[in-house]
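Engineer: this is the structure alone, sequence omitted:
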C-alpha cells in the first residue's frame, strides 16, 4: 500500500462547561461525567479532587496547599485512511493532556499527554472480537494477531509528524491494575510515584499495551490505597519531572476513585501482597454520579459500531497497510 496514513489532532478544554462532541465515545471517563442532570456538579467536583490531590503531592513551597491548578485538554486524534480523498478522516483515539498552572509564579507548565486512553479499535478488539472468540471456548484464549493492528496504528501515531509537532515528550498512560493478578511491593520507593509493585505475569491489558510499544511499571503514590499501572515508552523515572508525574497521578487517581472505588477508594491500603478486586465491600463512594452498568453496556454497543463503520469497510486496506508497516 503506497498511501501514507496521516493524523489530525484536535483538542478541547475539559472544564465544568465541557460538553462531549457527537464524535466522542460516551464511555470515555470525561464524557461519562458530563452527562445527565448532575453533569456540572460532577465536573466541578472532579476537577477540585484533581487539584487537591496535586497540591497534596506537590507539598514543597506550598504551605497552604493551593499553589497549583491542573488544566486538562481532551485530545482527539483522527486518521485519514485515504489521503487521495479529503473528508475521509476516521476518529481513532482520545487521550488527555495535563497542563499545570502555578499560581505563585503565574506560569503555565506543560504536563503529560496520554493519561486516560480511549480507542475505537481497542473497543472492537475487547468488546467484540475477544468476546466472540471465547463464546464457545472451554478455556479463555486470544485470537491470532490480537492487538497487532491497534499496536501498529498507535506506534505510527506517536512517531508521526503530527504527534511531534504537538507534544514534546512520549505519552504516559495510567490505568487500573488488573484484578486477575497479584502484585508484590518492592523496596524501591520513588519520591513522587511512591512504592513500586511487581507481578509475576503480565495481564491481558499489559500484553495489549506492549504491542503498542509501551512498557509498564506499577507504583502506589503516597496516600493512595492501591498501585496504578503506568504505561510508557522510555524511562518513566528520568524522562519526566516530578510535577509532570504528579499531574498524571492526580488526574488518574481521581478518575479511578470514581470508576473503581472498590480498589482505589477502599478504606484500607494495599499491603505487601495485593490482589485487586471489584467485589471488595469496604470502600467509600465519592459525591460524583456514575453508572458503571450503563458504561459496560455501551462499550459493547460502541465496539459493534466500530466493527460496522471502521473495521469491516476498511479491513482490506488496513490489513495491507499492517503487513507493510515497519513499526
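Structural biologist: Good, I have the coordinates. Just so it is clear, the model here is predicted, and its values are computed rather than measured. Residues are numbered from 1 along each chain as shown.
Engineer: where does the prediction get shaky in the stretch 151-300 of the chain?
Structural biologist: Residue ranges of the stretch 151-300 of the chain with pLDDT under 70: 290-296.
Engineer: residue contacts, the closest residue to residue 270 other than its chain neighbours?
Structural biologist: Once flanking residues are discounted, residue 270 sits nearest to residue 226: 5.0 Å by CB to CB, 6 or more residues apart in numbering. Any C-beta I mention is one placed from the backbone N, CA and C, and that applies to glycine too. Contacts for residue 226 (CB atoms under 8 Å, 6 or more residues apart in numbering) come out as 177, 220, 263-264, 266, 269-270, 274, 276.
Engineer: can you check residue 124 too?
Structural biologist: For residue 124, the contacting residues are 303, 306-307, 310-311, by CB under 8 Å, 6+ apart.
Engineer: just the pLDDT for the nearest residue to it once chain neighbours are set aside.
Structural biologist: Closest residue to residue 124 apart from its sequence neighbours, by CB to CB, 6+ apart: residue 306 at 4.3 Å. As predicted, residue 306 sits at a pLDDT of 82.
Engineer: thinking again about what came up before, what about the contacts of residue 124, which are in helices?
Structural biologist: Mapping the contacts of residue 124 onto helices (DSSP state H) picks out 303, 306.
Engineer: distance to residue 151 added to the contacts of residue 124, as TSV?
Structural biologist: Output for the contacts of residue 124, formatted as TSV (distance: CB to CB, whole Å):
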residue	distance to residue 151
303	17
306	16
307	18
310	16
311	15
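Engineer: farthest-separated two in the contacts of residue 124?
Structural biologist: 303 and 310 (10.5 Å; CB to CB).
Engineer: more crowded one of these two?
Structural biologist: Using other CB atoms under 10 Å, the more surrounded residue of residue 303 and residue 310 is residue 303, with 23 against 20.
Engineer: now that one. Nearest residue, chain neighbours left out?
Structural biologist: Counting by CB to CB, 6+ apart, residue 127 is the residue found nearest to residue 303 once chain neighbours are left out, at 3.1 Å.
Engineer: count of residues packed around residue 114?
Structural biologist: When neighbours are defined as other CB under 10 Å, residue 114 has 26 of them.
Engineer: tell me what it is bridged to.
Structural biologist: Beta-bridge pairing for residue 114 (DSSP bridges): residue 96, residue 172.
Engineer: that one against residue 167, yeah?
Structural biologist: No: Residue 114 lies out of contact with residue 167 (CB atoms under 8 Å); the separation is 9.1 Å.
Engineer: what's the neighbour count on residue 16?
Structural biologist: Around residue 16 there are 16 other residues, counting by other CB under 10 Å.
Engineer: does it belong to a helix, a strand or coil?
Structural biologist: Secondary structure, DSSP: H, G, I helix; E, B strand; the rest coil: residue 16 is coil.
Engineer: next up, the contacts around it.
Structural biologist: 40, 43-44, 47.
Engineer: kindly report the same for residue 266.
Structural biologist: 225-226, 280, 282-283.
Engineer: mind putting these in TSV, secondary structure and distance to residue 79 included?
Structural biologist: Formatted as TSV, these follow (DSSP: H, G, I helix; E, B strand; the rest coil; distance: CB to CB, whole Å):
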residue	secondary structure	distance to residue 79
225	coil	38
226	coil	34
280	coil	39
282	coil	44
283	strand	39
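Engineer: of all these, which comes closest to residue 80?
Structural biologist: Of all the contacts of residue 266, residue 226 has the smallest distance to residue 80: 39.9 Å, by CB to CB.
Engineer: phi, psi of that closest one?
Structural biologist: As for residue 226, its main-chain torsions (degrees, to the nearest 10) stand at phi -150, psi 150.
Engineer: distance of it from residue 57?
Structural biologist: 16 Å (CB to CB, to the nearest Å).
Engineer: nearest spatial neighbour of residue 175, skipping sequence neighbours?
Structural biologist: Closest residue in space to residue 175, ignoring its immediate chain neighbours: residue 229 at 4.9 Å, by CB to CB, 6+ apart.
Engineer: bridging residues for the one you found?
Structural biologist: Residue 229 has these beta-bridge partners by DSSP bridges: residue 175, residue 218.
Engineer: do residue 110 as well
Structural biologist: Beta-bridge pairing for residue 110 (DSSP bridges): residue 99.
Engineer: in terms of helices and strands, where is residue 297?
Structural biologist: helix 292-306 (DSSP states H and E).
Engineer: correction: residue 153
Structural biologist: Residue 153 belongs to helix 148-158, assigned by DSSP H and E.
Engineer: which positions in that helix come out as buried?
Structural biologist: The neighbour-count check on helix 148-158 (16 or more other CB atoms under 10 Å) flags 149-158 as buried.
Engineer: list the contacts of that helix.
Structural biologist: Outside helix 148-158, the residues within contact range by CB under 8 Å, 6+ apart are 5, 7, 77, 79, 92-93, 119, 121-122, 125, 163, 170-171, 208, 211-213, 233, 318-319, 322, 325, 327.
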